[in-house]
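Engineer: Output the structure for:
(chains A and B)
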Number of protein chains: 2
Amino acid sequence: MLDKLDLTKKTDDTKYEAVLEEYKDRLSVLQRTLREKKIPTIIVIEGWNASGITMTVHEIVHALDPRGYTLHSIDRPSEEERAHPFLWRFWLRIPPKGRIAIFARSWYTRVIAEETHKPSWEKSLKSRSHQINTFERQLADDGTVIMKFFLHITKEEQKSRLEWREGNPLTACQVTPSIWNLHHHYDDALPIFDDFIAKTDTPYAPWTLVEATDRRYAILKVYATIIKTLEKKCEAAEEGKTRKPKPLVMVKPKKNPVRRHAPPDKVFTREGLQETLSQLQVEMLELHYLLFKRKIPLIIVYEGWDAAGKGGNITRVTRFMNPLGYYVVPVAAPTEPEKEYHYLRRFTQHFPSGGDIAIFDRSWYGRVLVERVEKITPEPDWQRAYQEINEMEEEFVYSSRGGIIKFWLEISKDEQLKRFNQRSEDPMKKYKITEDDWRNREKWELYDVAVDDMLARTSTDIAPWTVVESDDKWFARVKALRTIIAAAHRLL
Amino acid sequence: MLDKLDLTKKTDDTKYEAVLEEYKDRLSVLQRTLREKKIPTIIVIEGWNASGITMTVHEIVHALDPRGYTLHSIDRPSEEERAHPFLWRFWLRIPPKGRIAIFARSWYTRVIAEETHKPSWEKSLKSRSHQINTFERQLADDGTVIMKFFLHITKEEQKSRLEWREGNPLTACQVTPSIWNLHHHYDDALPIFDDFIAKTDTPYAPWTLVEATDRRYAILKVYATIIKTLEKKCEAAEEGKTRKPKPLVMVKPKKNPVRRHAPPDKVFTREGLQETLSQLQVEMLELHYLLFKRKIPLIIVYEGWDAAGKGGNITRVTRFMNPLGYYVVPVAAPTEPEKEYHYLRRFTQHFPSGGDIAIFDRSWYGRVLVERVEKITPEPDWQRAYQEINEMEEEFVYSSRGGIIKFWLEISKDEQLKRFNQRSEDPMKKYKITEDDWRNREKWELYDVAVDDMLARTSTDIAPWTVVESDDKWFARVKALRTIIAAAHRLL
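Structural biologist: As a prediction, the model looks like this:
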C-alpha cells in the first residue's frame, strides 16, 4: 500500500495558514461535541523516524482544550510494564468518555521494535496483529472512535532530514547511531510495515496513509481526516444513530455443561478436612515460592452466591502464602471515574505481573451476573461480554504465560438462608449481611440462569471454571486449594 | 535507644496462639470501626535484614479484611519514581479514608539505602528526616494514624539467621552477597539507625522499638501496640474528640505585599506586543529544549479571576513548546475517590519529572480560594494550608532542583463584566460562561481578601507569585512568557 502513495503531493503555501486556522476552529468545536456526547476518541500517529510525528501532534494539540485530551508519547516500556502483557500499558491509557487520547507512536511501533529482531518474528507479528485487532475492536464496540495515521517518506527524504537534524544543535542529539541503523534497514522495514498495516486496517479502526514529504500537506491531510471522521460520528450521535457493534456470534455453550452441586459428593469429617488443609497449605507455601522464582503470574477468581464463604476461603487458601507475593483485589460496584472507561480496564489494571498471585474477590464476571440480572447493562453489551472476557483471559494467558483459575462457590438456597440468619444473630458477623443480600436472594432464579450461562460460555480450555461445593466450608477450602495446587504444578 | 533494648525478652509459648487469636479478633473489629469513622491508618514495619519483617506483616494482614488494607512492599524505586522527588512515590501510596496502608519497609530504609553511601550523607540524612517529619505531620494533621515499628536483633542473631536461610532451599536465594555486605557493616549502621529513629520519633508518628530475637514476642508486641493505639483513636473519635492538629503558627504575611494591578503600567500597541510575543516564543523553544536536556522540571501555576484569560495565556506560552515535553493539568473540583485522600495528593501526583514542564490550570491554591470562600473546607484546615503548601513547594524545589512559577492573572471587575457579556453573546464562546461564573462574581470582595492573603502568605523566595496584569490580554501573554524565560535562565 505504501508504495502506491504519491509522495510528491504538496499544499499550496499561500492558503495553508488560512485552511489550518479553519480546521483548528472546527476541531475545537468538535472536541466540545465529543465531550457532550461522551464519545471517547483515540488518534494514533505513526510513521518513519523524521517523518514529522512530533510536529503533527503539535499542530493537533494546539487546537484542543487541555481539559479534554491527553497526549501519550510512547517509548520503551518501564520495568513494571515489561512485567505485564504487551497491551497492559495501553489499556491503562485508553481515553475516558468524552476525551481524546493522542498517541505519538503506539502499540504499532512497539510491536516492530520489540518483535522484529526475534527469530520467529513473522509469527509474533501475526499474533500481535490479532491481539491488536481484538483490542481495537473491543474499544470500538464500546463507542470509541479510533483513527490511525502513518506518515510516509522515502529513504532519501529520511536521510536528508536526519542529516539536517545532525547539523542543527537543537536536534543533533536526537540522531543517535541506532536511528541511523534503522535508516539503513529502511528497505527491510518497508514490507514489514506494509504488511502490518494491511493486517490491522479494519472498519472499526482504519489506517490513513499520509504522504509526508511536504509537511504542510501531511498536517492538512491528518486534520481533514480527523474532522471528517468526527463530524460523521457526531452527526450520527446527534441523530441517535450510535454505531451498533457488529453482533458477535454468541459464544456457544459447551456441550458438556459445568454441573453445579452444593453439597460434596461424599461426607467428610471436619477433622479430616482440617488436617488435609494444613498439609495443602504447607505444599502451597513451596509452590508459591517456585511460581515467584520463575516469574509466573497467576489469577484466581472467586465468584459465588452471597454467603457462600468467599472471604473465609481466600483467608485459608492464602494462610501460608508470602504476603509480599499475592494480593486480594476486592471488587465492588465501579466508582464514577471508573465508569468513564471500558468496563474491563478496572480489572486488567490489577492483573498480576510475573511472580505475583492476584486473587479477585468478585470480578469482571459481574458484567454477566449482577449487571445482567439487575439490568445495569443493556442486553447487547452483556451478551457481547462473554466473548470479550474470553478474549481478555486468553490474551493474559498467552502473553504472560500465566494461569487463570476460576471458582464458582455453590451453596444451596437453604444453606444460604441458614447462614443469613446466623449472621443476623451474631453481633460479630452482623455487619456482613445487608438489605442487598436479601434482595439478591429474591432473585435467586434469575441469577441461576445467569450463572449457568456464564459457566457454559466462559469455561474455556485455558481458563476453565471449577465449581466448589460449599455447603461444607471445610470441604470447599480443601477443594479450592487442591485446585490451585494442581494448576500451579501444571504451570511450573 | 536501640542499645537499651533487652533483646532476651520472650513470650510464653503455651499462651502465644491464644493471645494471637484474641488480638486478631480485636484488630478485625477495629478495622471495621476505622472504616466507619473514615480514619486512614499507616503502619510502617522496619528493621534489620532477617529481623522478621515479612513474618510480622504476614500475621497482621491475616487478621484484616482485604477490602480495607493495602500492603506496600517497598524496594528500589522504578525509573519513573527515581525521576521524581524522594517522597513522591510515598504520597501516591498514602491510604484513603477508612483504609490501612501497611509498609513492609518504607521511606526509612530507602533513605538509608539511597543516601548513606554519599559523601555528604550526614547532611542528607538530616534534611531527609526533616522532610519525612513534615510529610508525616501533614498526614497526621489530616487525621491519619501513623505507627512505626523497628524490629531489632543483634549482629550475632542476624548472622545465625542468615546462615540458616542460606542452608534452606526455599530461602537461600534471598541471602545475596549484598545482604552479607550489609551484615558486615552492622556496627556502622547501628548508630545511623539510632540517630535517624531519634530524629523522626514524633508525637504524631511515634516509633515503637521491638525486641525481635523471639519472633513471637515481636509479633505480640507489634499487635498490642497497634491495638492500643487504634482503640484509643477509635474511642476518641466516638466521643467526637478527633485530634486537633497543633495550631500552626499562621504563616505571616510578607512585609512588602504583592500588589495587584489589572491594567499594565504603560500602554502598548497590540502589534508591538504580538511581535514581542513571537520573538519570545522562539526563545522559549530553545530554553525548553535545554531544560529538557538537563532534566530540570518546571511547574507553572495559573490562578486568576474567571475570564482573566488563563486558557489563552497557556496556549500562547506553549505555542512553540514541544508537546512531548510539557503537559497541562486542568484542575476541577475533586472527584469522590480523590476526596478520600489528603488534598495535596491529587496535585503531587501530577508533578513533573526531570525535563518536563507541568502547567496547572488552577491548582492546590483552590484550598485557600474557592474552598475558603465557599466554606467547602473548615477554617482550621485552610488556615493550615498556607504552611502545607509552602512546605510542598519547598520540597519539590529542593528535592528535584526544579522551579515553580506562579501566576495570578488580575483583571478589573469592569473588564470581567465586559468579557462575561461578550462570551454570552458569542455562540462560539457561550459554552465558556456558566451560572457559577456569575455567582462567583457576586462574591468578588470575599475572593479579593482571599487572594490578598494567599499572595501575602505563599509568595516565598523559592516560589514567588507574579501578578500578571491581564486587562490587556496581549500584555499578559508577553509578561507571563517573559517571566517563564527569566526563571528558566536562572534554573539553567
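
Engineer: Just read off the phi/psi values of the closest residue to A:Lys233 other than its chain neighbours.
Structural biologist: Excluding the flanking residues, the one nearest A:Lys233 by Cβ to Cβ, 6 or more residues apart in numbering or on different chains is A:Val145, at 5.3 Å. The way it works is simple: take the backbone N, C-alpha and C, and place the C-beta from them, glycine included. With angles defined as degrees, to the nearest 10, A:Val145 sits at phi -90, psi 130.

Engineer: Give me the neighbour count for A:Val145.
Structural biologist: Neighbourhood size, A:Val145 [other Cβ atoms under 10 Å in any protein chain shown]: 23.

Engineer: separation between it and chain B?
Structural biologist: A:Val145 is 21 Å from chain B, where distance means Cβ to the nearest Cβ, to the nearest Å.

Engineer: Was I right to think that residue contacts A:Lys38?
Structural biologist: No. In this structure, A:Val145 is not within contact of A:Lys38 by Cβ atoms under 8 Å, at 11.9 Å.

Engineer: Residue of the stretch 51-200 of chain A nearest chain B, please.
Structural biologist: A:Pro66 (3.4 Å; Cβ to the nearest Cβ).

Engineer: gap between that residue and B:Arg482?
Structural biologist: According to Cβ to Cβ, to the nearest Å, A:Pro66 stands 22 Å off from B:Arg482.

Engineer: With A:Tyr223 instead?
Structural biologist: 32 Å.

Engineer: So for those two, which residue has more residues nearby?
Structural biologist: A:Tyr223 (21 against 16).

Engineer: Point out where the stretch 1-150 of chain A drops to low pLDDT.
Structural biologist: By pLDDT under 70, the stretch 1-150 of chain A has no low-scoring segment.

Engineer: Next to chain B, which bits of the stretch 351-492 of chain A? Give me the list.
Structural biologist: Remark: the part of the stretch 351-492 of chain A in contact with chain B comprises A:Ile359, A:Asp361, A:Met428, A:Tyr431, using Cβ under 8 Å from any Cβ of the partner chain.

Engineer: 7 Å instead, please
Structural biologist: A:Asp361, A:Tyr431 (Cβ under 7 Å from any Cβ of the partner chain).

Engineer: Mind jotting down where the strands sit in the stretch 351-492 of chain A?
Structural biologist: A:357-361, A:403-410, A:465-469 (DSSP state E, counting those that start in this stretch).

Engineer: can you redo those as a markdown table with distance to B:Val57 and mean pLDDT?
Structural biologist: Converted to a markdown table, the strands of the stretch 351-492 of chain A look like this (distance: least, Cβ to Cβ, whole Å; pLDDT from 0 to 100):
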| stretch | distance to B:Val57 | mean pLDDT |
| --- | --- | --- |
| strand A:357-361 | 16 | 97 |
| strand A:403-410 | 25 | 97 |
| strand A:465-469 | 28 | 96 |
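
Engineer: closest to B:Phe347 out of those?
Structural biologist: Distance to B:Phe347, taken as Cβ to Cβ, is lowest for strand A:357-361 among the strands of the stretch 351-492 of chain A, at 29.9 Å.

Engineer: so what secondary structure elements neighbour that closest one?
Structural biologist: strand A:298-304, helix A:310-317, strand A:326-330 (3 or more Cβ pairs under 7 Å, 6 or more residues apart in numbering or on different chains; DSSP states H and E).

Engineer: Enumerate every residue touching the residue in the stretch 351-492 of chain A positioned nearest to chain B.
Structural biologist: Across the stretch 351-492 of chain A, the shortest distance to chain B (Cβ to the nearest Cβ) belongs to A:Tyr431, at 6.1 Å. For A:Tyr431, the contact set (Cβ atoms under 7 Å, 6 or more residues apart in numbering or on different chains) comprises B:Arg32.

Engineer: Likewise for A:Leu125?
Structural biologist: Contacts of A:Leu125 (Cβ under 7 Å, 6+ apart): A:Val111, A:Glu115, A:Phe196.

Engineer: Kindly recompute the last result at 6 Å.
Structural biologist: For A:Leu125, the contact set (Cβ atoms under 6 Å, 6 or more residues apart in numbering or on different chains) comprises A:Glu115.
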